[in-house]
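Asks: Curious how this folds, go ahead:
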Amino acid sequence: MQIDAKKILLAEDDAIIASGLVYAFGQEGYTVTHCGSVREAKKAADCTAFDIAVLDMRLPDGTGFEIFDFLKGSGAAVIFLTAADDEAGTVRAFEGGAEDYVTKPFRLRELLARIKRTSNGKNGRRSMLTFGGVSIDAATGKAYADGNVIELTALEYRLLVTFASNKGQLLSRRQILESLWDSAGNFVEDNTLSVYIKRLREKLGGAASIETVRGLGYRAG
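Replies: Numbering: from 1, shown residues only. Sure thing, here's the model as predicted:
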């Protein structure tokens, strides 16, 4: 059953569980990227815009919450895989905006059903942002330039949402950086911001403009 080629980020370090999930997700029509660590997952999310992220709470180099924070603003719906006794983690997940959680050990059919429900829920909650010929569907995390889908990384998507949410307004570099920072305050460095804006401009083409106001910042329109 094809499900509109939804992209899933799977962060799970147990090789047996991961291989089973990758196979099952693929059988259901999803495109899956598997990562065994926080570092790998962040790198993948910076290159691909995911629709859903299935995150193990505990990973070798950190926690699923670090990936969760990194994905905020990207449009990806998050489902956590948690230990049955991790009540505090479950509460924190929901308070942070996670869509759902599944306790280990879990039934595969139950997880697939929750993913399908999450996917349908995202499709049913439309929230559009626009500027120029660009439109952003916050419910699906997809952006369009003159009606064509733009392939954006998680960081580029956050940057685009920042400009679309403040169209016509002058934004300083500091304001933009604050909108991109993760919970640790180190999401992107000031000296690389210009590179990301250049990349975003190239992807938008002539659909919308991001103007550089020398010495002050940027304005989208």
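Asks: if I look at A18, how far off is V38?
Replies: When distance is defined by CB to CB, to the nearest Å, A18 is 15 Å away from V38. Yep, even glycine has a C-beta here, placed from its N, CA and C like the rest.
Asks: Would you mind telling me which of those two has the busier surroundings?
Replies: V38 (21 against 18; other CB atoms under 10 Å).
Asks: from what I can see the more buried one touches F68, true?
Replies: No. Look at V38 against F68 with CB atoms under 8 Å: they stay out of range, at 10.2 Å.
Asks: Please identify which helix or strand holds the closest residue in space to G141 that isn't next to it in sequence.
Replies: Among residues not flanking G141 along the chain, G75 sits closest, at 1.8 Å (CB to CB, 6 or more residues apart in numbering). For G75, there is no helix or strand it lies in under DSSP states H and E.
Asks: where does G75 land on pLDDT?
Replies: Here the pLDDT value assigned to G75 is 76.
Asks: same check, this time on R117
Replies: 82.
Asks: who touches the residue lying closest to it once chain neighbours are set aside in this structure?
Replies: Among residues not flanking R117 along the chain, D100 sits closest, at 7.7 Å (CB to CB, 6+ apart). Residues counted as contacts of D100 (CB atoms under 8 Å, 6 or more residues apart in numbering) are I79, F80, R114, R117, T118.
Asks: With L108 instead?
Replies: G20, L21, A24.
Asks: Give me the number of neighbouring residues for the first one.
Replies: Burial measure for G20: 13 neighbouring residues, criterion other CB under 10 Å.
Asks: would you say it is within a helix?
Replies: Yes. Counting by DSSP: H, G, I helix; E, B strand; the rest coil, one finds G20 located in a helix.
Asks: ok, it to G75 distance?
Replies: 27 Å.
Asks: just the last one next, same as before
Replies: Using CB to CB, one gets 24 Å for the distance from A24 to G75.
Asks: More neighbours: the two, which one.
Replies: With neighbours defined as other CB under 10 Å, A24 and G75 compare such that G75 has more, 24 against 16.
Asks: Would you state the helices of the chain in chain order?
Replies: 15-27, 38-45, 64-71, 87-96, 108-124, 154-165, 173-180, 190-204 (DSSP state H).
Asks: Comparing those helices, which yields the minimum mean pLDDT?
Replies: helix 87-96 (a mean of 71).
Asks: Using PDB, write out the CA atom coordinates for that helix.
Replies: Extracted C-alpha coordinates of helix 87-96, given in PDB (Å, rounded to 0.1, in the frame of the first residue of the first chain):
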ATOM      1  CA  GLU A  87       7.000   7.800  32.900                       C
ATOM      2  CA  ALA A  88       9.000  11.100  33.300                       C
ATOM      3  CA  GLY A  89      10.300  10.700  29.700                       C
ATOM      4  CA  THR A  90       6.800  10.100  28.400                       C
ATOM      5  CA  VAL A  91       5.400  13.200  30.100                       C
ATOM      6  CA  ARG A  92       8.400  15.300  28.800                       C
ATOM      7  CA  ALA A  93       7.700  14.000  25.300                       C
ATOM      8  CA  PHE A  94       4.100  15.100  25.300                       C
ATOM      9  CA  GLU A  95       4.800  18.400  26.900                       C
ATOM     10  CA  GLY A  96       7.400  19.100  24.200                       C
END
